[in-house]
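Visitor: coords below, sequence missing:
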């Protein structure tokens with residue numbers, strides 16, 4: 001069954017109608033070749049409920065659906081995970097955003113660390129953020145998430161550290177961290193309802209002074225094993241570990 005996201009105002013519980021507009025109209029009509037009578041799932045991205053609807057009319061600029069029933073969704077991680085991802089080279093960020101959303105991330109914060117090769121100015125940063133948000137929305141739709149994770153504006157490393165320092169659990173994978181027992185204990189102590197910050201470095205890793213700044217703010221270095229992971233692998237490894245810990 002196909003799922004679509006709409007604004008909360010497009011769901012009218014008084015007359016049991018759901019109106020779909022925007023780019024989804026063309027996609028449903030000309031790509032998916034949908035017709036009246038077909039059933040779809042709609043989510044607002046706010047309340048995490050699934051609104052099961054039947055298509056009633058395929059109009060020029062909108063699709064009118066009849067609300068059949070509301071299903072309480074249970075697809076979100078029971079904790080809010082914030083992925084602070086240092087800017088990688090090329091288009092790796094697109095893959096990172098896609099997979100992080102599939103794994104249940106709550107928010108993705110792009111970070112400009114000292115060793116980042118990519119540098120984004122104001123206009124380019126805005127364009128990239130819009131592109132990444134679109135990828136997050138598509139991934140949320142594909143994986144049937146209850147909400148669309150936000151891709152935040154680009155943060156400096158210090159700003160990212162300050163934001164992360166206010167969270168319940170704060171970790172930073174670091175290649176010189178070697179205590180796997182301590183790392184395991186930290187992950188096993190994660191609980192539902194917590195806000196979890198994960199700081200991932202760029203190609204080449206974090207600079208020593210960045211690690212020191214993070215530790216000074218209460219962020220704990222952790223190890224991800226004996227092998228050096230690429231930046232696009234490290235975040236996915238952490239998110240997978242968190243997902244396993246919280247959902248088993």
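Guide: It's in. This structure is a prediction, so every number in the text was calculated from the model and none was measured.
Visitor: all strands for this protein, in order.
Guide: Listed in chain order, the strands of the chain (DSSP state E) span 3-5, 11-12, 17-20, 39-43, 49-58, 63-72, 80-86, 107-112, 150-151, 155-156, 169-173, 195-200, 220-222.
Visitor: Touching the fifth one from outside, list them.
Guide: Strand 49-58 is contacted from outside by 3, 11, 17-18, 28-29, 34-44, 63-73, 146, using Cβ atoms under 8 Å, 6 or more residues apart in numbering. Glycine gets a C-beta too; all of them are placed from N, C-alpha and C.
Visitor: make it 7 Å
Guide: Contact with strand 49-58 is made by 11, 18, 29, 34, 36-43, 63-73, as judged by Cβ atoms under 7 Å, 6 or more residues apart in numbering.
Visitor: Report the distance from it to the chain centre.
Guide: Using Cα atoms, centre = their mean, to the nearest Å, the mean C-alpha position of strand 49-58 is found 25 Å from that of the whole chain.
Visitor: now swap in the third one and tell me
Guide: Relative to its parent chain, strand 17-20 has a centroid offset of 26 Å by Cα atoms, centre = their mean.
Visitor: and if you look at the first one?
Guide: In terms of Cα atoms, centre = their mean, the gap separating the centre of strand 3-5 from the centre of its chain is 16 Å.
Visitor: for the second one, same thing?
Guide: When distances are taken as Cα atoms, centre = their mean, strand 11-12 is centred 26 Å away from the chain's centroid.
Visitor: Neighbouring strands - and their directions - for that strand?
Guide: strand 17-20 (antiparallel) (DSSP bridges).
Visitor: Any of the contacts of strand 49-58 buried? List them.
Guide: When burial is judged by neighbour count using 16 or more other Cβ atoms under 10 Å, the buried members of the contacts of strand 49-58 are 11, 18, 34, 40, 41, 42, 43, 63, 65, 67, 73.
Visitor: Look up how far residue 70 lies from the fifth one.
Guide: Here the distance between residue 41 and residue 70 works out to 11 Å (Cβ to Cβ, to the nearest Å).
Visitor: that older thread, as TSV, the buried ones among the contacts of strand 49-58 with pLDDT would be great.
Guide: Rendered in TSV, the data for the buried ones among the contacts of strand 49-58 read as follows (pLDDT from 0 to 100):
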residue	pLDDT
11	94
18	94
34	93
40	94
41	92
42	91
43	89
63	94
65	96
67	94
73	71
